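Chemist: with the input below, show me the fold.
(3 chains)
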Amino acid sequence: MSENPSLTARAPGRRRRSGTRTRAERIVGMASPIVLLLLWEFAARAGLIDVRIIPAPTTVATVIWGMAVHGSLVSDTAYTVTRFLTGMALGVVPGVIVGLTMGLFRWVGIVFSPIIAVFYNVPRIALFPLVLIIVGLNESSNILMIALGPFFTMLITAMGAVRNVEQIYRDVARNFAAGPRHLYFMVVLPAIAPTLMDGLRISVGLGLLGTIAVEFLVAENGLGHVIWNSWQVLSLSQSMAGLVMGAIVGYVFYASLALVERALLPWHQPTQFN
Amino acid sequence: MTFRHVDRAARFSESEQGLHLGGTRQGFPGIVGKHAARSRSTDASPASVGEDARSNHALRFEMPTAAADGIIIRNLEKNFVVDGLVLRALSIADLTVREGEFLCIVGPSGCGKTTLLRILGGLETPTAGSVECLIRPGDRPLQSMVFQEQGVFPWLTVLGNAAFGLTVRGVAKPTREAVARDYLRKLGLAAFERAYPRQLSGGMRQRVNLARAFANDPAILLMDEPLGAIDEQTKMLVQEDLLHLWEGSRKTVIFITHSLDEAIVLGDRVAVMSHRPGRIKAVYDVGLPRPRNALELRNHPDFVAMRSLVWDALREEVLSGNAGSPEASP
Amino acid sequence: MRISRAVFPVCAALALFASMLPSSARALVKVRSSVNPAIYATLPFILAADKGYFRDEGIDVAITKYNTSSVAQMPLVARGDLDITNMVAGPALFNQRTQGFDIKIIASMSETHPGWHDGDWIMVRKDLWDSGAIRTLKDVKGHTVDGTTLGSPINFLMNAALAKAGLTRADVVYSSRLHTAPDMVTALRNKAVDVLPTIEPTATQMVNAGLAHRLASEQDVVPWFQDVFFVSSAKFIREHPSAVVGFLKAYLRAAQKIVANGPNWAPEYVDALTRWSGIPAKILKSVPGVPYYGQFGTIDVASLAREEVMWRSMGVITAKVDPATLVDSSAIDEARKELGIR
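Modeler: Numbers count the residues shown, from 1 in each chain, chains lettered A, B, ... in the order given. Got it, this is the predicted structure:
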């Protein structure tokens, strides 16, 4: 039985659909931040912006270079990245496990949902003094604070995702008599994977925020410490340098996440900027 | 429905798959499964219960061999509770599906045909009544459903989807891929086996559904408006594919459609359901010869005659269904 | 007549009232300032405001209260939202110059003096003092030390103390994690720290709670250190020189008065501070004495220079700054002259 190709989809392989971009779009997408940087540089040199507060990009780059070579910027970045990754791991993994459990087993969900709701809605910064008193002023409390955001986010995401698996997939699994192993690994997990990915993206944002906030408040190293401390001693260009490094780190993580998504979920159409 | 239900269903052995006992709530003692020793029906006449006099007028060119009873449905009822009201969806007094036949069920919207199929497919339990299945599938699965196009798993390739039934039954990879590939080829999807469903059109996705159900090699196929979302031209092509796949196999097919044309083109018999609560109003023998050419058949005078016959019964239900109010009790 | 009888008292009252108005025809100059009353180096400033000394100099001083580090006020001065305010000596003062801001030190507010109780102290945990483990600065070697907020005067004090004992940060277990009084108290309680610097009245509170003992004071370590100054932007000094002089005159009058009263708390001071800062009188009174207020306001450039070296070695100052470029003593010199002080 032959199929008229023009009536149907093209053969599998890389395919241009609404999510991916054309060449022209890609070029403009890369050019626009560069144009912004050029405008910023021009404004700084022309005296349109107060360079004491917002230095020119070339100044910032020089400062970054100086801090990296002569100062501790590299190790600060390493500290931030390590804290972030540790906090993320400690938040995401338990969050997903608990969320899945709560979603799959009705009574677990009923019992724990109100408790989660209370804690989720307390601003995490407000919990910080309590955490400090209980855990102490050390790296553990830092990591715990960072992990809280991703933990709750992934918990709620996983629980919701599992409960909202499309009825039709469940019907198919049931009709074809899929056993528990096949049901969970071949049907439920892939079905909720895109939602988990979206939750992970949000968690990355929360994790970065938590990391920088914790470093503002109590850390002696890390990019947050650089930003805050430089500000405290009015080294504004160093503060800006820390900020830029933080932005770069954040961007790298988001980009990595996109790559991970493409690798793990090749069948999914992501709805994000790439 | 939570996954606990699925767990329980999933633990059923293949031989019990899908067919439920009756009378759960009323304690009606229902008949167990298909191994009940019951004498086969000796009914030589292909006409079944509920048929009215007009159906004798059905034209036949080929007398089906005395078909054995496959599935016997008696007093099947299903009630749903919606917002505190009890809704009677289904009320089938008597329906017998013959082994190896292609039975089409037509009826107005909301008449309960989907509910009937879901009961047969193990996705709902009846409120009362019994479903007795005399078909012995051996080591094949008893039934598989052909779902609508959204039922294709987006995360599996076309091949993965087609092989799904075999995978969950533990069939070894080379075997299941070979079988799946075979059906994909028959359905014209061979080139797309590594594609993902999102890259396919609706019609192709539906073919994947067909492949998945057929590849599982069940004794009974349950199809709920499988071609409903497909455009007319593609629909005819897929009907052709379906007939190719089915004719010659000895599978029993229960096919729900709202398209009368489709029912007559595909079916050996057409059952007309009344509006809600659904009863079997009439069953007609189609009597058109096989193998059938889905593309050409519609112009055949016998087809046209059959069509007007069935439409008479159906129209009444469609019209009265629109005017009527649901049977409900608080 | 009745009316004529009423007229006389009314006229008298009016005349009396008129005589109470400032005799000068010049309008009050508005000076925007701010204060964190918990830093009680600011006591003379508060007192001057209460007693109306600023008004006497023709200045209407608008004071905003804040409760964070004074460093946060620096951008306000730089932007022109504040005119004159107090500022701790710290790297921020040097870095602002490097950044291109033009904030000037116009007077010194506090310094050490024999006989007066210092405002900054180095404390040792009580049990370590009692056991004899740490009795001098040299004994700190190998112990856990927290330098508190990087760039603060007590941070300076701690590092200067280590240097004085011939130690470096590497000779101790050094961290910089405690930023507030509650942090410090908790760390002492949990025995997470052995030695730390702090300000009054926290030091007294620690002693009273049996948590710590005084190990060394500013006078012991850096008697030359000036830790709080008045600052203003170069622009404001240029545009309102007489207002700056008047401001400093009012301040000096109050400072002189307090110093003349001696090193002990007068009820008037306790009352003013309590009213402004909310610190309970009981706590203030338990502090052994009033710190010495720079009654002359003279800026010691050498102190700034030594400070600058320390900050640069700690890496908090980005580039070398000549402290003389930070100082503008013209107003304080003029204020002293007008008041007839040396």
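Chemist: now do the helix or strand hosting A:S237: which elements does it pack against?
Modeler: Secondary structure here is read from DSSP states H and E; on that basis A:S237 sits in helix A:236-264. Packing partners of helix A:236-264 (3 or more Cβ pairs under 8 Å, 6 or more residues apart in numbering or on different chains; DSSP states H and E): helix A:57-70, helix A:73-104, helix A:189-217, helix A:223-232. Glycine gets a C-beta too; all of them are placed from N, C-alpha and C.
Chemist: ok and that helix relative to helix A:73-104, angle-wise?
Modeler: Taking axes from the mean of the first three to the mean of the last three Cα atoms, to 10 degrees, helix A:236-264 and helix A:73-104 form an angle of 40 degrees between their directions.
Chemist: mean confidence score for helix A:236-264?
Modeler: This predicted structure assigns helix A:236-264 an average pLDDT of 91.
Chemist: returning to what we had before: among the helices and strands packed on helix A:236-264, which is nearest B:L117?
Modeler: Across these, B:L117 has its closest neighbour in helix A:189-217 (22.9 Å, Cβ to Cβ).
Chemist: for chain C, see how far away the closest residue to B:K186 other than its chain neighbours is.
Modeler: The spatially closest residue to B:K186, leaving aside those adjacent along the chain, is B:L245, at 6.1 Å (Cβ to Cβ, 6 or more residues apart in numbering or on different chains). Using Cβ to the nearest Cβ, to the nearest Å, one gets 73 Å for the distance from B:L245 to chain C.
Chemist: ok so, going back, of the helices and strands packed on helix A:236-264, flag the one that's most buried.
Modeler: Most buried of these by mean neighbour count (mean count of other Cβ atoms under 10 Å in any protein chain shown) is helix A:223-232; its value is a mean of 24.
Chemist: spatially central residue for the chain, please.
Modeler: No chain in the question, so chain A it is. A:V204 (1.9 Å; Cα atoms, centre = their mean).
Chemist: that's the wrong chain, I meant chain B
Modeler: Using Cα atoms, centre = their mean, the most central residue of chain B is B:I254, at 2.6 Å.
Chemist: for that residue, what are its contacts?
Modeler: B:V97, B:L103, B:I105, B:L117, B:L120, B:I220, B:L221, B:L222, B:M223 (Cβ atoms under 8 Å, 6 or more residues apart in numbering or on different chains).
Chemist: and chain A, which residues reach chain C?
Modeler: On the criterion Cβ under 8 Å from any Cβ of the partner chain, chain C has as its neighbours in chain A the residues A:51-52, A:71, A:133, A:136-137, A:218, A:220, A:229, A:232-238.
Chemist: among the residues you listed, which ones are buried?
Modeler: Buried residues within the residues of chain A next to chain C, counting neighbours by 16 or more other Cβ atoms under 10 Å in any protein chain shown: A:51-52, A:71, A:137, A:218, A:229, A:232-238.
Chemist: list phi and psi for the nearest residue to A:E220 once chain neighbours are set aside.
Modeler: For A:E220, ignoring the flanking residues on the chain, the nearest one in space by Cβ to Cβ, 6+ apart is C:S176 at 5.1 Å. Backbone torsions of C:S176, given as degrees, to the nearest 10, read phi -140, psi 60.
Chemist: what about C:S176, how many residues nearby?
Modeler: Counted with other Cβ atoms under 10 Å in any protein chain shown, the burial measure for C:S176 works out to 20 neighbours.
Chemist: can you pull the contacts of it?
Modeler: Taking Cβ under 8 Å, 6+ apart, we find C:S176 in contact with A:E220, C:D146, C:G147, C:T148, C:T149, C:L150, C:N155.
Chemist: need the residues of chain C near chain A, please.
Modeler: Checking chain C against chain A by Cβ under 8 Å from any Cβ, the hits are C:69, C:71, C:74-75, C:78, C:90-93, C:95-96, C:98-101, C:149-151, C:175-179, C:183, C:186-187, C:190, C:192, C:315-318.
Chemist: surely A:F176 meets B:L142?
Modeler: No: contact criterion Cβ atoms under 8 Å: A:F176 and B:L142 do not qualify, at 11.5 Å.
Chemist: so between the two, which is more surrounded?
Modeler: Neighbours per residue (other Cβ under 10 Å) separate A:F176 from B:L142, with A:F176 holding more: 28 against 25.
Chemist: what sits closest to that one if chain neighbours are left out?
Modeler: Per Cβ to Cβ, 6+ apart, closest to A:F176 is B:G165, 4.8 Å.
Chemist: who's in contact with that neighbour?
Modeler: The neighbours of B:G165, taking Cβ under 8 Å, 6+ apart as the test, are A:F176, B:P141, B:S144, B:R212, B:A213, B:A215, B:N216.
Chemist: from chain C, how far off is the last one?
Modeler: B:N216 sits 64 Å away from chain C, going by Cβ to the nearest Cβ.
Chemist: from B:V97, how far out is that residue?
Modeler: For B:N216, the distance to B:V97 under the criterion Cβ to Cβ, to the nearest Å works out to 19 Å.
Chemist: of all the helices and strands packed on helix A:236-264, which lies closest to chain B?
Modeler: Ranking the helices and strands packed on helix A:236-264 by their distance to chain B (criterion: Cβ to the nearest Cβ) puts helix A:189-217 first, at 3.7 Å.
Chemist: now the closest one and helix A:223-232, what's the angle there?
Modeler: Going by the same axes, to 10 degrees, helix A:189-217 makes 30 degrees with helix A:223-232.
Chemist: could you say what helices and strands helix A:189-217 packs with?
Modeler: Contacts of helix A:189-217 with other secondary structure elements, assessed using 3+ Cβ pairs under 8 Å, 6+ apart, are made with helix A:73-104, helix A:124-135, helix A:139-163, helix A:223-232, helix A:236-264.
Chemist: confidence-wise, which of those is weakest overall?
Modeler: In terms of mean pLDDT, the lowest-scoring of the helices and strands packed on helix A:189-217 is helix A:124-135 (a mean of 83).
Chemist: with just CA atoms, put that helix into PDB.
Modeler: Listed next in PDB are the C-alpha coordinates belonging to helix A:124-135 (Å, rounded to 0.1, in the frame of the first residue of the first chain):
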ATOM      1  CA  ARG A 124      11.400  30.600  52.000                       C
ATOM      2  CA  ILE A 125      13.500  33.500  53.000                       C
ATOM      3  CA  ALA A 126      11.300  33.800  56.100                       C
ATOM      4  CA  LEU A 127      12.200  30.200  57.000                       C
ATOM      5  CA  PHE A 128      15.900  31.000  56.900                       C
ATOM      6  CA  PRO A 129      16.300  32.100  60.500                       C
ATOM      7  CA  LEU A 130      14.600  28.900  61.700                       C
ATOM      8  CA  VAL A 131      16.800  26.800  59.500                       C
ATOM      9  CA  LEU A 132      19.900  28.600  60.800                       C
ATOM     10  CA  ILE A 133      18.900  27.900  64.400                       C
ATOM     11  CA  ILE A 134      18.100  24.300  63.700                       C
ATOM     12  CA  VAL A 135      20.900  23.300  61.400                       C
END
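Chemist: residues contacting it, please?
Modeler: A:S141, A:L144, A:M145, A:L148, A:G149, A:G210, A:A213, A:L217, A:V218, C:T186.
Chemist: check those and tell me the two furthest apart.
Modeler: The largest separation in the contacts of helix A:124-135, counting by Cβ to Cβ, is between A:G149 and C:T186 at 24.9 Å.
Chemist: neighbour-wise, which of these two wins?
Modeler: For A:G149 versus C:T186, neighbours defined as other Cβ under 10 Å are more numerous around A:G149 (26 against 17).
Chemist: lovely, talk soon.
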